[in-house]
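Student: Have a look; sequence and predicted model below, questions after that.
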Amino acid sequence: MSCTTRRLLRSRPVKTSYFNNIVSLDAVTAAIRSEWCDYLPRTWSGVKHFHHSKHVSTPPTIENADGHLVGIKTWEPSPTPPLATLPMPMLLRSLLISTVCVKPYLLTPSLSILSFLAKPNRSFLFSIEKNPLLHWLVKRTLYDQFCIGENAAEATRNMKKMHDFGISGILLTYAKETTFDHKSKTAHTPGFDAQQSDAVKKKCEDIEAWRVGTLQTVRMTGDGDQVAIKMTGAGPVATEAFTAGSLPPKQMMDALDEICVAARQAKSRIVIDAESQHFQKGIARTYYAGRSRRLDYGVKLVRGAYMSTDERSKIHDTKEDTDEAYDSITRDLLHRNSDGFDGLKKWPRMSVLLATHNKNTVMKAHKLHQEIKEAGLHVVPLEFAQLHGMADSLSFTLLNAKGAGGETPKVLKCSTWGSLGECMAYLLRRAVENRQAVSRTQDEFKAVKAECSRRMRSAAGL
Ligand SMILES: Cc1cc2nc3c(=O)[nH]c(=O)nc-3n(C[C@H](O)[C@H](O)[C@H](O)COP(=O)(O)OP(=O)(O)OC[C@H]3O[C@@H](n4cnc5c(N)ncnc54)[C@H](O)[C@@H]3O)c2cc1C
């Protein structure tokens with residue numbers, strides 16, 4: 001296994017900071033032959049920085065009269081409506097969730113309720129783990145929309161369903177994680193018992209629980225799937241080390257070794273999530289401590305998910321800056337333009353995973369990838385990923401499309417498994433993200449509504 005963790009610095013030196021999680025290159029492994037070797041930690045000078053190229057392409061999307069996406073100009077628009085594959089219950093759940101997301105008077109109270117429920121040690125009445133009615137309600141709506149299963153059996157069943165819909169693979173992650181709120185300077189780890197957070201007492205148990213859960217995740221993956229690892233899920237001992245920018249204890253390094261060997265046996269790829277800015281230095285050091293030179297690089301490129309909790313000064317000032325940074329990095333990666341990586345002498349073998357719901361970004365990247373193929377230049381393997389329950393119309397539009405050579409783009413859905421309690425921080429992030437991405441959420445709402453009307457018209461024989 002090999003991966004790279006590169007933090008994308010702002011183009012203006014005056015505000016250059018070490019990490020920028022808003023456009024971040026998550027650490028990704030690209031190789032099946034993964035192995036976590038005991039390398040000496042690389043120094044931070046080994047991390048390359050990007051310059052942004054000037055080239056800008058035009059988004060080649062085709063939209064209908066309502067303004068939602070129906071095709072891509074580089075491809076023949078597919079006659080199949082993007083959401084036609086979704087079974088009715090899933091479509092209705094998407095309609096419910098997207099309706100709440102686009103109506104501020106529904107979303108604001110829903111968010112407050114969700115953050116209230118996400119807090120640990122709630123009384124029976126407000127405990128989603130203990131109160132069966134509340135559990136059922138949240139499970140059937142939010143959880144089922146964005147997460148894949150509370151246990152391995154349920155998750156495996158749902159993964160199979162997603163494969164049956166034509167999704168190229170699942171990027172599966174185990175829910176345990178710790179987030180750090182920069183404003184309140186507190187770490188939050190749902191699923192860990194606050195009473196027992198004494199580092200010494202819990203040390204082995206937390207890492208062990210994370211090891212078992214992550215190994216289980218690896219075993220659940222199959223052909224085309226990938227495993228996303230959240231290292232902060234290993235609990236306070238690990239996060240204390242990451243906060244200090246150091247390596248976690250040997251117990252965790254050994255667990256990572258075991259996880260990587262298991263992934264190699266399962267022929268799965270591993271993606272190391274970069275997570276909150278607060279932990280990134282330690283996570284990246286841990287990654288570099290375990291990387292092997294025999295393996296290929298992979299890059300998972302994201303706009304960061306932690307805007308509400310990360311340090312604002314380390315984030316681009318405007319959405320446009322973030323978009324331009326993301327798109328210019330994508331162009332550099334696909335063109336193998338090493339000017340964008342200070343000091344990169346030889347371009348490594350690499351594949352790229354664009355993890356985004358931004359249709360302009362996706363379409364521009366796909367168009368560029370096609371052009372590079374048609375020009376007979378070196379083609380960097382490219383995959384796309386969207387989160388489970390989000391931007392389904394974009395995922396299925398991509399899957400329905402054929403490239404110039406009749407090839408279907410590879411599209412993964414990223415999903416999380418774990419108990420409802422463990423998934424609460426993740427669900428809260430999805431809700432906040434949907435509130436921030438107003439126009440994207442509107443697009444999804446329109447696409448889901450259009451599909452519901454199409455089915456009703458078709459049922460009525462119109
Ligand atoms: C498969 C997948 C895996 C992911 N994994 C991770 C992960 O491991 N770690 C992680 O951090 N994120 C991750 N993300 C990204 C995250 O969950 C959000 O999906 C992403 O931030 C939303 O951006 P977008 O690219 O979908 O597009 P958009 O909706 O176009 O962009 C929204 C993003 O733009 C940025 N932004 C918004 N407003 C501003 C502003 N005013 N100034 C500056 N920037 C702004 C924020 O990053 C915001 O989230 C992942 C996404 C996907 C699809």
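Tutor: Ah, there it is. Residues are numbered from 1 along each chain as shown.
Student: pLDDT weak spots in the stretch 101-250 of the chain?
Tutor: Low-confidence segments of the stretch 101-250 of the chain, defined by pLDDT under 70, span residues 179, 181-203.
Student: Tell me which residue in it sits closest to the ligand.
Tutor: residue 171 (5.7 Å; Cβ to the nearest ligand atom). Yep, even glycine has a C-beta here, placed from its N, CA and C like the rest.
Student: Could you export the helix or strand harbouring that residue as CSV, CA atoms only?
Tutor: In this assignment (DSSP states H and E), residue 171 forms part of strand 169-174. C-alpha atoms of strand 169-174 as CSV (Å, rounded to 0.1, in the frame of the first residue of the first chain):
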residue,chain,number,x,y,z
GLY,A,169,-17.9,-0.1,-5.9
ILE,A,170,-18.5,1.0,-2.3
LEU,A,171,-16.0,3.1,-0.5
LEU,A,172,-16.8,1.7,2.9
THR,A,173,-15.9,3.3,6.2
TYR,A,174,-16.4,2.3,9.9
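Student: How far off centre is that strand?
Tutor: 9 Å (Cα atoms, centre = their mean, to the nearest Å).
Student: helices and strands around it, which ones?
Tutor: Counting contacts by 3 or more Cβ pairs under 8 Å, 6 or more residues apart in numbering; DSSP states H and E, strand 169-174 packs against helix 152-164, helix 199-220, strand 226-229, strand 410-417.
Student: and the ones you listed as TSV, adding mean neighbour count and distance to residue 361?
Tutor: Below are these laid out as TSV (neighbours: other Cβ atoms under 10 Å; distance: least, Cβ to Cβ, whole Å):
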stretch	mean neighbour count	distance to residue 361
helix 152-164	15	23
helix 199-220	18	28
strand 226-229	25	20
strand 410-417	23	14
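Student: Any idea how many residues pack against residue 149?
Tutor: Look at residue 149: counted by other Cβ atoms under 10 Å, it has 21 neighbours.
Student: about what we covered before: export the helices and strands packed on strand 169-174 to JSON lines and append columns for distance to residue 458.
Tutor: Shown next, in JSON lines, are the helices and strands packed on strand 169-174 (distance: least, Cβ to Cβ, whole Å):
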{"stretch": "helix 152-164", "distance to residue 458": "22"}
{"stretch": "helix 199-220", "distance to residue 458": "36"}
{"stretch": "strand 226-229", "distance to residue 458": "36"}
{"stretch": "strand 410-417", "distance to residue 458": "25"}
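Student: Just give me the neighbour total for residue 124.
Tutor: 9.
Student: What does the residue lying closest to it once chain neighbours are set aside show for phi and psi?
Tutor: Counting by Cβ to Cβ, 6 or more residues apart in numbering, residue 130 is the residue found nearest to residue 124 once chain neighbours are left out, at 5.1 Å. Main-chain dihedrals, residue 130, degrees, to the nearest 10: phi -100, psi -40.
Student: From residue 420, how far off is residue 130?
Tutor: For residue 130, the distance to residue 420 equals 11 Å [Cβ to Cβ, to the nearest Å].
Student: between the two, which one's more packed in?
Tutor: When residue 130 and residue 420 are compared for neighbours, residue 420 comes out ahead with 22 against 13, by other Cβ under 10 Å.
Student: Report how many residues lie close to the spatially closest residue to residue 420 that is not a sequence neighbour.
Tutor: Nearest residue to residue 420 in three dimensions, chain neighbours excluded: residue 128, at 5.2 Å (Cβ to Cβ, 6+ apart). By other Cβ under 10 Å, the residues close to residue 128 number 23.
Student: Work out the gap between stretch 102-110 and the centre of the chain.
Tutor: Its chain's average C-alpha position is 24 Å from that of stretch 102-110, according to Cα atoms, centre = their mean.
Student: repeat for stretch 166-179
Tutor: Taking mean C-alpha positions (Cα atoms, centre = their mean), stretch 166-179 and its chain are 7 Å apart.
Student: nearest spatial neighbour of the closest residue to the ligand within the stretch 151-300 of the chain, skipping sequence neighbours?
Tutor: Nearest to the ligand, among the residues of the stretch 151-300 of the chain, is residue 273, at 3.8 Å (Cβ to the nearest ligand atom). In space, and not counting its chain neighbours, residue 273 is closest to residue 230: 5.0 Å by Cβ to Cβ, 6+ apart.
Student: from what I can see the one you found touches residue 173, true?
Tutor: Yes. The criterion here is Cβ atoms under 8 Å, and residue 230 meets it with residue 173 at 6.2 Å.
Student: any common contacting residues for these two?
Tutor: Common neighbours of residue 230 and residue 173, counting by Cβ atoms under 8 Å, 6 or more residues apart in numbering, are residue 273.
Student: hmm, back to that, which strand or helix spans the residue nearest to residue 420?
Tutor: Residue 128 belongs to no helix or strand when assigned by DSSP H and E.
Student: Dihedrals phi and psi, it?
Tutor: phi -70, psi -20.
Student: Surely it and residue 423 touch.
Tutor: No. Using Cβ under 8 Å, residue 128 is not in contact with residue 423; the gap is 9.7 Å.
Student: Quick check: closest non-adjacent residue to residue 173.
Tutor: residue 228 (4.0 Å).
Student: try residue 266
Tutor: residue 218 (5.5 Å).
Student: ok, so what distance separates the one you found from residue 258?
Tutor: Applying Cβ to Cβ to residue 218 and residue 258 gives a distance of 10 Å.
Student: Would you check that the residue nearest to residue 266 makes contact with residue 263?
Tutor: Yes. Between residue 218 and residue 263 there is a contact at 5.1 Å, judged by Cβ under 8 Å.
Student: Find residues that contact each of the two.
Tutor: residue 227.
Student: and stretch 334-350, how far out from the chain's middle?
Tutor: 24 Å.
Student: swap in stretch 406-416?
Tutor: 13 Å.
Student: Touching that stretch from outside, list them.
Tutor: Under Cβ under 8 Å, 6+ apart, the answer for stretch 406-416 is 146-148, 155, 158-159, 162, 167-175, 224, 226, 228, 353, 355, 366, 382-388, 395, 398-399, 401-403, 423, 426.
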